[in-house]
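**Student:** with the input below, show me the fold.
(2 chains)
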Amino acid sequence: MPIEWDLLFFLIIAAVTIIAAVAVIWSKEIVRSVVWLTLTFLCVGLVYIFLNAEYLAMIQITIYVGAVAVLMLFGIMLTKRRLLGGNRDE
Amino acid sequence: MIAIEYFIGLSAILFVIGAVGVLTKKNAIVVLMCIEMMLNAANINFVTFSAFSGNLNGMVFALVSIAIAAAEVAVGLAIVLNLYKTRDTIGLDEINLLRW
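**Tutor:** I've put the predicted structure just below:
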């Protein structure tokens, strides 16, 4: 029985997507949550390549990974958040 | 080509994770991130049905949806920053001004 390589790669990418999406709502630190969200967006862009939508994958990586993640980081850095370890308020 | 059920299943799981995050998290920015995940799940659905039906309308609509999502997160973060400036918090439990 030959191994279906595309299915194998898709399952790996889907597993990484789901693990990263769970880690977004699992992690206590919000900055790490943004990094996991970036990984989720990247893997969704790779899923678009499996669907023969290469242009959409490029646009996804440009807009989400390039713009939305940086915007989220700006929003986090400009607001005070309650950190669990230590009381670094500023 | 990979069967359609895998893509639909991935989209459903991603949507459920985003919905759980929206319903349970207390920080406004994390809620915005989970909304983005739900939008991504919807986009996967659009592109999947578009690719399997041979009609390009779904992909074009996914492109429009990505642009709208980018604008939406910009507006949401502007609201969050203004909220932080006036109320000094972004915890959704402490923002109850519109609750009668």
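
**Student:** pretty sure B:Met38 is touching B:Val22, no?
**Tutor:** Yes: counting by Cβ atoms under 8 Å, B:Val22 is a contact partner of B:Met38 at 7.3 Å. Using the backbone N, CA and C atoms, a C-beta is placed for each residue, glycine as well.

**Student:** quick one: A:Val35 from chain B, how far?
**Tutor:** 11 Å (Cβ to the nearest Cβ, to the nearest Å).

**Student:** state the helix or strand in which that residue lies.
**Tutor:** Per DSSP states H and E: A:Val35 is located in helix A:30-50.

**Student:** which stretches of the chain form helices?
**Tutor:** The chain I'm using is chain A. In chain A, the segments counted as helices under DSSP state H are A:5-26, A:30-50, A:54-60, A:69-77.

**Student:** nope, chain B please
**Tutor:** Using DSSP H, helices in chain B cover B:4-24, B:28-53, B:57-87.

**Student:** quick one, the first one and helix A:5-26 angle?
**Tutor:** Our comparison of helix B:4-24 with helix A:5-26, counting by axes from the mean of the first three to the mean of the last three Cα atoms, to 10 degrees, yields an angle of 0 degrees.

**Student:** check the last one too.
**Tutor:** In this structure, helix B:57-87 runs at an angle of 20 degrees to helix A:5-26, with the same axes, to 10 degrees as the basis.

**Student:** any low-confidence regions in chain A?
**Tutor:** Filtered on pLDDT under 70, chain A yields the residue ranges A:80-90.

**Student:** these two touch, right, B:Ala62 and B:Phe49?
**Tutor:** No: with contact defined as Cβ under 8 Å, B:Ala62 does not reach B:Phe49; the gap is 10.2 Å.
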